[in-house]
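Q: below: sequence and its predicted model.
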Amino acid sequence: MDKAGLGARGAALHLLWGVLVEGRPMPEGGLPGLSPSDQARARRLALHVLRNLARCDAVLEPFLQKAPPPGVLNILRLAVAELALDAGQAHGVVSAAVDLARGEKGGAAFSGLVNAVLRKVAAKGDVFGDLAAPVMAPWLRGAMIKTWDKKVVQAIEAVQALAPPLDLTLKPGVGVDIPEAVALPNGSLRLAGSVQVSALPGYATGDWWVQDAAAAMAVPLLDPKPGEKVLDLCAAPGGKTMQLAATGADVMAVDMSPARMAVLAENLKRTGLTATLVEADLRKWQPDGLFDAILLDAPCSATGTLRRHPDLPFAKGADQVKPLVALQADLLDRALAWLAPGGRLVFVTCSLLPEEGEKQLAGALRRHPGLTVERPAMDWVEASWITPEGGLRLRPDHWADKGGMDGFFMARFRRV
């Protein structure tokens with residue numbers, strides 16, 4: 001793909017090329033040559049296309065006798081997604097798409113096609129109309145229907161098709177005046193729409209950090225106490241680390257990614273919180289002593305975060321789940337060995353798959369006699385979220401009327 005003259009739309013196309021053509025997840029780092037606002041816009045546009053890829057293709061299909069080259073097809077998809085967001089900007093969207101086609105290698109010959117197709121799409125007004133929400137990848141959807149029923153899966157897909165809200169976790173005792181924010185039952189603040197995070201009140205003073213409301217439920221489940229020795233495993237980029245540190249616990253945070261640990265260090269600095277940071281591979285690392293409480297946010301398929309990461313189904317498949325399940329069990333066994341008698345451990349995965357949640361709970365109980373599961377006791381946890389074995393199953397369609405949440409499984413173990 002020709003990368004010359006990248007603006008926000010050009011950068012979005014570059015991201016789409018990596019995901020849809022090369023099968024790579026979207027990069028976490030910055031996009032060179034763009035202002036922070038253009039970088040944010042490029043990501044928003046690319047993610048919007050990926051969430052609604054099936055809808056975009058369904059809109060385009062009647063106007064295309066055959067598929068154009070991938071770069072041109074992505075230009076059309078991007079424009080359709082933009083028109084669905086704001087049909088009132090049709091002239092600018094169509095004009096920008098034609099310019100992008102002319103700048104695409106071999107795309108100039110398709111600029112007339114791009115112009116004609118998008119004018120017809122824009123004339124529809126309500127671009128997506130009554131098109132159903134895109135469905136999950138077949139391998140994942142099949143597993144979800146086996147776990148729940150089709151109605152639940154469709155409710156999950158409806159939430160995943162929407163741009164996720166921005167959730168903030170507040171430092172204890174801090175009040176933040178963000179008029180458009182809504183308080184959730186667990187104490188998170190939620191903002192809808194796109195915002196510049198660094199411009200929000202309380203950012204510069206470190207009064208809060210960005211963290212999905214579901215992710216913020218793991219630390220209250222662990223219930224750390226001031227002065228306790230707490231171990232945070234697979235900690236970066238640090239949302240849960242900051243929650244732990246804010247309780248007054250003595251926190252050690254371990255992660256093997258230098259880049260993500262650098263982000264964690266910056267987050268701690270901004271919020272004025274402290275933790276001991278250790279860069280290490282948990283499969284080889286050994287602590288010097290035991291801990292009162294441990295939080296293990298294990299590597300997983302991330303199938304619960306598709307609304308935030310719609311690129312994942314294009315970069316991952318069912319064949320990658322089995323090795324992750326084995327790794328999770330290995331890390332859980334290692335972490336339990338570092339738990340003091342009477343201590344507690346919370347196991348967390350941001351996955352919708354029972355292999356990475358409910359079945360991990362059952363396996364741990366089989367392998368570790370004397371280990372017990374303690375049911376969630378937070379008053380904002382709904383009874384239907386608690387599994388028969390005492391785990392906490394969070395789904396994207398929970399709190400759907402409030403914007404939903406990421407999908408997680410959590411379980412609190414205690415060594416008796």
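A: Noted; the coordinates are in hand. Numbers count the residues shown, from 1 in each chain.

Q: next helix or strand past the helix or strand bottoming out on mean pLDDT in the chain?
A: Lowest by mean pLDDT, DSSP states H and E among the helices and strands of the chain is helix 312-315, with a mean of 88. Per DSSP states H and E, the first helix or strand lying C-terminal to helix 312-315 is helix 321-337.

Q: for that following helix, name the packing helices and strands.
A: Helices and strands touching helix 321-337, by 3 or more C-beta pairs under 8 Å, 6 or more residues apart in numbering; DSSP states H and E, are strand 229-233, strand 291-297, strand 339-349, helix 358-367. For the C-beta atoms, the positions are set from N, CA and C on the backbone; glycine is no exception.

Q: sheet partners, orientation included, of the first one?
A: Listed by DSSP bridges, the sheet partners of strand 229-233 and their directions read strand 250-255 (parallel), strand 291-297 (parallel).

Q: next, the angle helix 321-337 makes with the longest one.
A: Read it as strand 291-297. 170 degrees (axes from the mean of the first three to the mean of the last three C-alpha atoms, to 10 degrees).

Q: gap between the residue lying closest to Phe291 once chain neighbours are set aside and Ala245?
A: Once flanking residues are discounted, Phe291 sits nearest to Leu231: 4.4 Å by C-beta to C-beta, 6 or more residues apart in numbering. Going from Leu231 to Ala245 by C-beta to C-beta, to the nearest Å gives 13 Å.

Q: tell me which helix or strand Gln154 sits in.
A: Gln154 is located in helix 150-160, with elements delineated by DSSP H and E.

Q: circling back to that earlier point, which one of Leu231 and Ala245 is surrounded by more residues?
A: Leu231 (27 against 23; other C-beta atoms under 10 Å).

Q: and the pLDDT at that one?
A: On pLDDT, Leu231 comes in at 98.

Q: what do you get for Gln39?
A: pLDDT at Gln39 comes out at 89.

Q: likewise Leu6?
A: At Leu6, pLDDT is 51.

Q: likewise for Glu28?
A: 81.

Q: quick one: secondary structure of it?
A: Under DSSP: H, G, I helix; E, B strand; the rest coil, Glu28 falls in the coil class.

Q: could you pull up phi and psi at it?
A: Backbone torsions for Glu28, taken as degrees, to the nearest 10, come to phi -80, psi -30.

Q: give the contact list for it.
A: Contacts for Glu28 were tallied using C-beta atoms under 8 Å, 6 or more residues apart in numbering; they are Ala259.

Q: ok so, going back, so which of the strands paired with strand 229-233 comes closest to Glu374?
A: strand 291-297 (12.0 Å; C-beta to C-beta).

Q: for Glu308, phi and psi?
A: Slight slip there: residue 308 is Arg, not Glu. Arg308 adopts backbone torsions of phi -90, psi -30, taken as degrees, to the nearest 10.

Q: does it touch Asp406 like I think?
A: Yes - between Arg308 and Asp406 there is a contact at 6.8 Å, judged by C-beta atoms under 8 Å.

Q: which one of the two is surrounded by more residues?
A: Comparing Arg308 with Asp406 by neighbour count (other C-beta under 10 Å), the higher total belongs to Asp406, at 25 against 17.

Q: surely that one meets Thr303?
A: No - Asp406 is not in contact with Thr303 according to C-beta under 8 Å; the separation is 10.1 Å.

Q: output the below-cut-off pLDDT ranges for the stretch 1-150 of the chain.
A: 1-6 (pLDDT under 70).

Q: ranges for the helices of it?
A: Secondary structure of the stretch 1-150 of the chain by DSSP state H, counting those that start in this stretch: the helices cover 8-16, 36-51, 53-60, 70-85, 90-103, 111-123, 138-147, 150-160.

Q: in the last one, what's buried?
A: So that's helix 150-160. Val153, Gln154, Ala155, Ile156, Glu157, Ala158, Val159, Gln160 (16 or more other C-beta atoms under 10 Å).

Q: so what's in contact with Leu231 and Ala245 at the same time?
A: Common contacts of Leu231 and Ala245, defined by C-beta under 8 Å, 6+ apart, comprise Val251.

Q: what about the residue nearest to Arg51 when sequence neighbours are not counted, which SS state?
A: In space, and not counting its chain neighbours, Arg51 is closest to Pro310: 4.6 Å by C-beta to C-beta, 6+ apart. Assigned by three-state DSSP, the conformation of Pro310 is coil.

Q: give me the neighbour count for Pro310.
A: The burial count for Pro310: 22, using other C-beta under 10 Å.

Q: in contact with it, which residues?
A: Leu47, Leu50, Arg51, Leu53, Gln160.

Q: can I get the residues you listed in a markdown table with distance to Leu394?
A: Converted to a markdown table, those look like this (distance: C-beta to C-beta, whole Å):
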| residue | distance to Leu394 |
| --- | --- |
| Leu47 | 21 |
| Leu50 | 23 |
| Arg51 | 20 |
| Leu53 | 26 |
| Gln160 | 14 |
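
Q: adding distance to Glu28, write the helices and strands packed on helix 321-337 out as CSV.
A: Formatted as CSV, the helices and strands packed on helix 321-337 follow (distance: least, C-beta to C-beta, whole Å):
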stretch, distance to Glu28
strand 229-233, 20
strand 291-297, 17
strand 339-349, 19
helix 358-367, 26
